[in-house]
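J.: sequence and predicted model, in that order:
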Amino acid sequence: MSTFFDEIKRSFTEVLIDSSNNISTPDFLEAAEGLVKLFDLLGNAAFSVVQKDLNGNITKVRNRLKSHPSESLSLQELVLNESNQGKKTASEGLLWLTRGLQFTAQAIRETVDHPELEMTKTFTDAYGKTLVQYHGMLVRPIFKLTMKACPYRKDFFAKLGSDQEKVNKQLKDWLEALENIVSILMKFLSERCKHL
């Protein structure tokens, strides 16, 4: 029986990371697009605001990859080369995308680690630990309201796939890979993007 993770184009577990922690830009973008599809499973139009934000930032990074492919093979190269040219569109996009991924990773981690809690609680807690600090007074209420639109955890996990043992294994591997990528990017971007 196929699961959500079988059907996405690329899992974060398949994103190429070299020995210097350089992350393949094309692999990363495909995995990020798969993550956006995860919000479809939450089954509420309220999450379209999150998806729109993630997709907008994916597009900024992808446009840079298309326009400067040889300078953008890794995310780190992309940021460094773009800043050398006095630009920051894709770098800003990557920064905000990384923050969105950090929120998603935190929300799923809270959900996995606290099976006794419903997702409205785990997603709200994750928002408070990640994105809330970057959002202004106008955006916070929208996102906080969105977190209240989470489905029951049993319904969400059922949508991931009928073989829960397989789902749990794939989710664990996907989440650990996502957390690793977020950690690498947060460290790199905090050093390189102080001006953003």
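T.: Cool, the structure landed. Numbers count the residues shown, from 1 in each chain.

J.: next helix or strand past the helix or strand hosting residue 108?
T.: Secondary structure from DSSP states H and E places residue 108 in helix 89-113. For helix 89-113, the succeeding helix or strand toward the C-terminus, using DSSP H and E, is helix 119-129.

J.: ok so, going back, how far does the helix holding residue 108 sit from its chain's centre?
T.: In this view, helix 89-113 has its centroid 4 Å away from the chain centroid, taken as C-alpha atoms, centre = their mean, to the nearest Å.

J.: residue ranges with poor pLDDT in this protein?
T.: Under the criterion of pLDDT under 70, the regions of the chain flagged as low confidence span 136, 193-196.

J.: and the helices in it, which stretches?
T.: Along the chain, counting by DSSP state H, helices occupy 4-7, 25-38, 48-67, 75-84, 89-113, 119-129, 139-147, 153-160, 164-192.

J.: just put those in CSV and tack on distance to residue 19 and mean neighbour count.
T.: For every residue, glycine as well, the C-beta is placed using N, CA and C. Listed next are the helices of the chain as CSV, based on distance: least, C-beta to C-beta, whole Å; neighbours: other C-beta atoms under 10 Å:
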stretch, distance to residue 19, mean neighbour count
helix 4-7, 26, 15
helix 25-38, 16, 20
helix 48-67, 22, 17
helix 75-84, 13, 19
helix 89-113, 21, 21
helix 119-129, 31, 19
helix 139-147, 37, 15
helix 153-160, 33, 16
helix 164-192, 12, 16
